[in-house]
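> Coordinates only, no sequence provided:
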């Protein structure tokens, strides 16, 4: 297929654009299709990492957090159904979507899994990830 276009002076670009818009798919309302995104902020202090992940539109039960050493993985799934009815309960439009997202990253120190604190409120997942205490180096006596 060629990308060449035939130039016809009788039809302008404005007419061409209007003609294309006439046959373009029609949107029923200005509500965009939801995009599941996860924005993450991680801060660190001497004892722990603090993580905040924005996961709007997701139920708490649909979020999974896994920690393996210094690797943190967050999985989330969103489900939504929307139905608009007209007169006489006749369905005029029905919209459904399902989406999932996963974020995984590694931190500099291993995480103490037994002391992790996780909270979810208003679309924000907050994790306190305590660092594993490391025992200092010790001298080994050779016999």
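That came through fine. Please read all numbers here as calculations on a predicted model, not as lab measurements. Numbers count the residues shown, from 1 in each chain.

> Tell me how far the closest residue to residue 57 other than its chain neighbours lies from residue 63.
Leaving aside its sequence neighbours, residue 57 sits nearest to residue 78 (Cβ to Cβ, 6 or more residues apart in numbering; 5.1 Å). All C-beta atoms are positioned from the backbone trio N, CA, C, and that covers glycine. Using Cβ to Cβ, to the nearest Å, one gets 10 Å for the distance from residue 78 to residue 63.

> repeat for residue 42
Residue 42 is 17 Å from residue 63, where distance means Cβ to Cβ.

> These two: who's more crowded?
Taking other Cβ atoms under 10 Å, residue 42 and residue 63 do not tie; residue 63 has more neighbours (17 against 14).

> Quick one: residues contacting the more buried one.
By Cβ atoms under 8 Å, 6 or more residues apart in numbering, the contact set of residue 63 is 55, 74, 75, 76, 120, 125.

> Looking at those, spot the one nearest residue 48.
residue 125 (15.6 Å; Cβ to Cβ).

> Quickly list what residue 44 is bridged to.
Residue 44 forms beta bridges with residue 49, as assigned by DSSP bridges.

> Residue 74 is in contact with residue 39, correct?
No: using Cβ atoms under 8 Å, residue 39 makes no contact with residue 74, being 11.5 Å away.

> okay, these two: which has more neighbours?
Using other Cβ under 10 Å as the criterion, residue 39 and residue 74 rank with residue 74 on top: 22 against 11.
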